[in-house]
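Asker: any chance you could fold what I've pasted below:
(2 chains)
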2 protein chains.
Amino acid sequence: MAEFDLIDRIRRRAVVRDDVALGIGDDAALLRPPPGRELAVATDALNAGVHFPADTAPEAIGWKALAVNLSDLAAMGATPAWCTLSLSLPEPDPAWVEALAEGLLALAARHGVSLVGGDTTRGPLSLCVTAIGHVAPGRALRRDGARDGDDIWVSGTLGDAAAALQAWERSAPVPEALRERLERPSPRIALGAALAGRAHAAIDVSDGLLADLGHVLRASGVGAELAVDALPASDALRAAVPVPQARRALQAGGGDDYELCFTAPAGVRAGIEAAAREAGVAATRIGRIVAGEGIACRDADGAPWQPPGAGYEHFGRG
Amino acid sequence: MAEFDLIDRIRRRAVVRDDVALGIGDDAALLRPPPGRELAVATDALNAGVHFPADTAPEAIGWKALAVNLSDLAAMGATPAWCTLSLSLPEPDPAWVEALAEGLLALAARHGVSLVGGDTTRGPLSLCVTAIGHVAPGRALRRDGARDGDDIWVSGTLGDAAAALQAWERSAPVPEALRERLERPSPRIALGAALAGRAHAAIDVSDGLLADLGHVLRASGVGAELAVDALPASDALRAAVPVPQARRALQAGGGDDYELCFTAPAGVRAGIEAAAREAGVAATRIGRIVAGEGIACRDADGAPWQPPGAGYEHFGRG
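Answerer: The predicted structure is shown next:
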């Protein structure tokens, strides 16, 4: 395999940033971090057959491998700057790798992120991306900052990716809008950055709303009341899953939406709505933080609602 | 799997550094880079059956996954500070993961490196480590700095890891000292840091001396003359491979030694020898940089010596 030619082609397409002193091609990349900021570092691997069907288009795989990491930075309120890609694949396949790089670099370009290094190795198809960004000291959105009385918010809509995955697993047709959400999630970078210093806590919805909100509650030592009928649903989801109970199950339990779930004091509602408008994404209040522990779900009539499962644990995914 | 308990146990053992504002357990780690330094970022994956035999002890796997990345930082002259680990494994096995973490954290502790994040996913056994360090601006050891007339140096000894791998592949007994070099390489951090600003170019020997020196030559637009009889060999290698021609083949072509190969002007020889003594590792002059391209190997009689192969390309490893 003409590995070095391929790396050269990828290098030429990477975003150029003044703060990259040395990018792809040496033992390590050399970066100049902005003075007075904290670094935010996230790393996540995607494995074929676990995190994506093995026959997913390479562009979508590349996009998603970066997206899940940028989503982690968004959930910290950080601004992304650089990333690395470690790629394992069974056989040298330059055209396939180039298409994968195309997908990753398209998302990277959208957020001004420079691919600065990585490696390619032989092995089962797998991608590991590390994304590095920065945030003002003390303003990052941690999981442990939720407080009794906070509103609970979620960005965008929930359940689309889970509906696409469910259809795919049942060999049913997958509506394009839902497939797009599963394959090319949009990390909520602009919203996350606008929430830094405003919201108390945040997480991105990768394992499912109930599971991810649960992480925030445990880290913060609080509980939550959730209005399941308030969970935002896309038109595509309503059309694909018309039965409300089945839809709620996907919205509350399904993963892979990469929306932000965050908590904030009631006093900043107007500011959050303005920030969301500015970022071009909806923000919906879906409940509130209470003293205690666990999540109490209620429907529009105030009746208790039983969640369909505990969401995904990392080892249970796929 | 009690994933979160395990992560908690690993977190409690990680090196504590003042510059880690937030470590394992949130969407991203938060780090405070030292002012006025460049960041050096390296990422490398190890796959079972490709980079290590699947039955390697988990402690050795964890050690090596970090070692190969710290070696990349050493080859830049950078001081390591933080790392992340992304781990894929087929079945939840907390005791095995804990042993793996033990190996990684033992090497991390030796160099004051803090494990600040990562993830665990289901999939074929694979580790992806990202290591981040820092170096004074303009002093990093790049591949493209070698100049006509430079001495070529190598640290430590060459061929031990390749001899161990060869014995293992032939189901022959593997001498302990050689196995140790293959399984627990020592990244030459102190030497690399001391060379920053002194040496002109450096690389670590992961794919084999000829292959890795070749990268430096191509990046720098120069050639090299190499004295193959000058390649340093350990006593264990001499005992295991007494035939000089077979030994030279392992030393020149075999990978996985994680020594530093570097070039420097003749005027700094004394300084380099002093730096190596200080770092507790040998440094041996093995040739010199010349105008032109390629590597001309000669034995002690001045006769041309034919390299046994082109070393490992990344996709040919294992």
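
Asker: tell me which residues touch A:Leu213, please.
Answerer: By C-beta atoms under 8 Å, 6 or more residues apart in numbering or on different chains, the contact list for A:Leu213 reads A:152, A:203, A:224, A:226, A:261, A:295. For every residue, glycine as well, the C-beta is placed using N, CA and C.

Asker: sort out for me which of those are in strands.
Answerer: Judged by DSSP state E, the subset of the contacts of A:Leu213 located in strands is A:152, A:203, A:224, A:226, A:261, A:295.

Asker: nearest spatial neighbour of A:Cys261, skipping sequence neighbours?
Answerer: Distances taken as C-beta to C-beta, 6 or more residues apart in numbering or on different chains place A:Val154 nearest to A:Cys261, at 5.0 Å, with adjacent residues excluded.

Asker: list the contacts for that neighbour?
Answerer: A:205, A:209, A:231-232, A:259-262, A:283-284, A:286.

Asker: mind doing that once more with 7 Å?
Answerer: A:Val154 is in contact with A:209, A:232, A:259, A:261, A:284, A:286, counting by C-beta atoms under 7 Å, 6 or more residues apart in numbering or on different chains.

Asker: neighbour-wise, give me the winner out of these.
Answerer: Within the contacts of A:Val154, A:Glu259 tops the neighbour count with 33 neighbours, counted by other C-beta atoms under 10 Å in any protein chain shown.

Asker: could you pull up phi and psi at that one?
Answerer: phi -80, psi 170 (degrees, to the nearest 10).

Asker: please apply the same query to A:Leu141.
Answerer: The phi and psi values for A:Leu141, taken as degrees, to the nearest 10, are phi -90, psi 100.

Asker: for A:Ala279, what are its contacts?
Answerer: So A:Ala279 contacts A:190-191, A:194 (C-beta under 7 Å, 6+ apart).

Asker: which stretch of helix or strand covers A:Thr84?
Answerer: Assigned by DSSP states H and E, A:Thr84 belongs to strand A:79-89.

Asker: got the angle for that strand vs strand B:79-89?
Answerer: Per axes from the mean of the first three to the mean of the last three C-alpha atoms, to 10 degrees, the angle that strand A:79-89 makes with strand B:79-89 is 50 degrees.

Asker: quickly run through the sheet partners of strand A:79-89, with directions.
Answerer: Here strand A:79-89 is paired, per DSSP bridges, with strand A:114-122 (parallel), strand A:126-135 (antiparallel).

Asker: got the residues of the stretch 101-250 of chain A near chain B?
Answerer: Applying C-beta under 7 Å from any C-beta of the partner chain, we find that the stretch 101-250 of chain A lies next to chain B at A:116-124, A:126, A:128, A:130, A:140, A:142-143, A:203-204.

Asker: can you map out the strands along the stretch 1-150 of chain A?
Answerer: Under the criterion DSSP state E, counting those that start in this stretch, strands of the stretch 1-150 of chain A are mapped to A:20-22, A:29-31, A:38-47, A:79-89, A:114-122, A:126-135.

Asker: could you point out which of those sits nearest B:Val97?
Answerer: strand A:38-47 (14.6 Å; C-beta to C-beta).

Asker: for the closest one, output the C-alpha coordinates as CSV.
Answerer: C-alpha atoms of strand A:38-47 as CSV (Å, rounded to 0.1, in the frame of the first residue of the first chain):
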residue,chain,number,x,y,z
GLU,A,38,-7.7,25.2,29.5
LEU,A,39,-7.3,22.3,27.1
ALA,A,40,-10.3,19.9,26.7
VAL,A,41,-9.3,16.4,25.5
ALA,A,42,-11.7,13.7,24.4
THR,A,43,-11.0,10.3,22.9
ASP,A,44,-13.5,7.8,21.6
ALA,A,45,-13.2,4.7,19.5
LEU,A,46,-15.7,3.3,17.0
ASN,A,47,-15.6,-0.4,16.0
